[in-house]
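Undergrad: this is a predicted model, with the sequence first.
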Amino acid sequence: MSLSAAERQRQYRARRDADPERKAQNLNKDRNRWKKRLIAGHASTVAELGEREKRSKRRYWREAQQKCRTRKLRLELVEMTPPQSPELAPEQQTSRLDQCICP
């Protein structure tokens with residue numbers, strides 16, 4: 001069975017982060033990419049935003065974090081629940097019509 005793209009990505013990141021030197025290189029590359037975006041004007045720090053934009057951005061962050069926590073909790077609850085009991089085969093199921101005594 002082949003892995004999904006998400007599973008391959010998880011494995012790749014786990015291997016990458018297992019090596020401290022490689023992890024440091026990746027973090028440095030991300031830092032440089034962020035600095036380039038700041039210089040180009042494609043990104044801005046919160047300090048550069050106006051008060052209204054700050055409130056909006058922080059509200060967005062709070063809501064996104066809450067959604068993330070909810071999804072994580074829901075996933076943990078699903079993993080904790082026992083598996084469902086097997087359903088009866090169609091020939092074993094009975095209906096009300098089978099139980100009815102009709103002339």
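TA: That came through, no problem. Numbering: from 1, shown residues only.

Undergrad: please make it C-alpha for all contacts and neighbour counts, starting now.
TA: OK.

Undergrad: what's the host helix or strand of residue 69 packed up against?
TA: Assigned by DSSP states H and E, residue 69 belongs to helix 51-80. If contacts are counted by 3 or more C-alpha pairs under 8 Å, 6 or more residues apart in numbering; DSSP states H and E, helix 51-80 sits against no helix or strand.

Undergrad: state the mean pLDDT of it.
TA: Averaging pLDDT along helix 51-80 yields 94.

Undergrad: give me the distance from it to the chain's centre.
TA: 11 Å (C-alpha atoms, centre = their mean, to the nearest Å).

Undergrad: and what of stretch 27-42?
TA: Worked out by C-alpha atoms, centre = their mean, stretch 27-42 lies 25 Å from the chain centre.

Undergrad: can I get stretch 7-26 as CSV, trimmed to CA atoms?
TA: The C-alpha trace of stretch 7-26 is given here as CSV (Å, rounded to 0.1, in the frame of the first residue of the first chain):
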residue,chain,number,x,y,z
GLU,A,7,2.1,10.7,5.2
ARG,A,8,5.1,11.1,3.0
GLN,A,9,5.4,14.7,4.0
ARG,A,10,5.2,13.7,7.7
GLN,A,11,7.9,11.1,7.3
TYR,A,12,10.2,13.5,5.3
ARG,A,13,9.8,16.2,8.0
ALA,A,14,10.5,13.7,10.8
ARG,A,15,13.7,12.6,9.1
ARG,A,16,14.7,16.2,8.4
ASP,A,17,14.1,17.3,12.0
ALA,A,18,15.8,14.3,13.4
ASP,A,19,19.2,15.7,12.3
PRO,A,20,20.0,18.9,14.3
GLU,A,21,22.2,20.3,11.6
ARG,A,22,19.7,19.8,8.9
LYS,A,23,16.9,21.3,11.1
ALA,A,24,19.1,24.4,11.7
GLN,A,25,19.6,24.8,8.0
ASN,A,26,15.9,24.6,7.3
